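> From the sequence below, what's the structure:
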Amino acid sequence: MDRRAQGAPGTEMLGQLIIETLVRPRSAARQVLATGVPQVFVLQGALLVVCVGMLLNFVALRMIPITVDPITASMLRNPVVGAIEELLFLALTVLLTVRVGRLFGGKGRFWDGLALLVWLNVVVIVVEAAQLLVLAVVPPIRGVIEIVAFAPLVWLTWVYANFVAELHGFQNAFFVLGAMLLTALVLFFGVSMVLVMLGYSPQRLT
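Numbering: from 1, shown residues only. Sure thing, here's the model as predicted:
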């Protein structure tokens, strides 16, 4: 009885923070940064969200069979390698977020950025799990789910822009969003050029 009483507030606070993240992302970012979670717990959280995320992707592909790109297919075939790649991508994303932000006068730190990204992944997992639950309960709406599946991702991109703005102390989240899109575009062309120089044509990558 006492344990339930102690656990309920934590669950309620978690739910409130998820709603806060979707509605007032900068306020949620401040709350996450204010917790001061130790680095070891942040690392454990990163590993947990990567593993749970891969599991959800596997389930989603079984429920909604679609054609995936070769990289995603390879990650799902070899979960251990896939998890390592996801962790490296997570770390690279945070590193770029911190470095690029500091070029514009930001003050963000790596571990704070990782904590924010881990929390954002928690929210993504909750959203994806909710979609899968609705799909399992009401299978006929699969077509609707497929159509609106990208809407939460677009919104979560805006949420992350607000997270980055709060991390670095920027006032304008639209500026951050533009910088994120520009950085992604530069990286895309940069990686493409490197792959072409290594002998990989676009046809071989598909």
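> Any idea which residue is closest to the centre of this protein?
Centroid check for the chain by CA atoms, centre = their mean gives residue 121 as the closest residue, at 4.0 Å.
> Need the phi and psi values for the nearest residue to residue 111 once chain neighbours are set aside.
Among residues not flanking residue 111 along the chain, residue 39 sits closest, at 5.5 Å (CB to CB, 6 or more residues apart in numbering). For glycine as for every other residue, the C-beta is placed from the backbone atoms N, C-alpha and C. Backbone dihedrals for residue 39, given as degrees, to the nearest 10, come out at phi -60, psi -40.
> how near is residue 39 to residue 19?
Residue 39 is 27 Å from residue 19, where distance means CB to CB, to the nearest Å.
> and residue 49, what does it touch?
118, 121, 122, 125 (CB atoms under 8 Å, 6 or more residues apart in numbering).
> Residue 53 now?
Residue 53 neighbours (CB under 8 Å, 6+ apart): 86, 121, 124, 125, 128.
> could you redo the last one with a cut-off of 6 Å?
residue 125 (CB atoms under 6 Å, 6 or more residues apart in numbering).
> can you map out the helices along the chain?
For the chain, the helices defined by DSSP state H occupy 2-23, 25-35, 39-63, 70-77, 79-103, 110-137, 142-148, 150-168, 173-197.
> mind putting the ones you listed in JSON lines, mean pLDDT included?
Output for those, formatted as JSON lines (pLDDT from 0 to 100):
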{"stretch": "helix 2-23", "mean pLDDT": "71"}
{"stretch": "helix 25-35", "mean pLDDT": "94"}
{"stretch": "helix 39-63", "mean pLDDT": "86"}
{"stretch": "helix 70-77", "mean pLDDT": "60"}
{"stretch": "helix 79-103", "mean pLDDT": "87"}
{"stretch": "helix 110-137", "mean pLDDT": "88"}
{"stretch": "helix 142-148", "mean pLDDT": "59"}
{"stretch": "helix 150-168", "mean pLDDT": "86"}
{"stretch": "helix 173-197", "mean pLDDT": "77"}
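> quick revisit: test my guess that the residue nearest to residue 111 contacts residue 109.
No: counting by CB atoms under 6 Å, residue 39 sits too far from residue 109 to count as a contact (10.9 Å).
> How many neighbouring residues does the residue nearest to residue 111 have?
Applying other CB atoms under 10 Å, we find 11 residues neighbouring residue 39.
> again with residue 152
Neighbours around residue 152, by other CB under 10 Å: 17.
> likewise residue 128?
Quick note: residue 128 (other CB under 10 Å) scores 19 neighbours.
> do the one 5 residues further on as well
Residues within reach of residue 133, counting by other CB under 10 Å, total 10.
> what's the burial count for the residue nearest to residue 95 when sequence neighbours are not counted?
Using CB to CB, 6+ apart and skipping the chain neighbours, the partner closest in space to residue 95 is residue 110 (6.7 Å). Neighbourhood size, residue 110 [other CB under 10 Å]: 15.
> Hmm, residue 98 and residue 110 touching each other?
Yes: counting by CB under 6 Å, residue 110 does reach residue 98; the two are 5.4 Å apart.
> re the thing from before, would you convert the contacts of residue 49 into TSV that also reports distance to residue 55?
TSV is the format used below for the contacts of residue 49 (distance: CB to CB, whole Å):
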residue	distance to residue 55
118	16
121	13
122	14
125	9
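> Fine, thanks again, bye for now.
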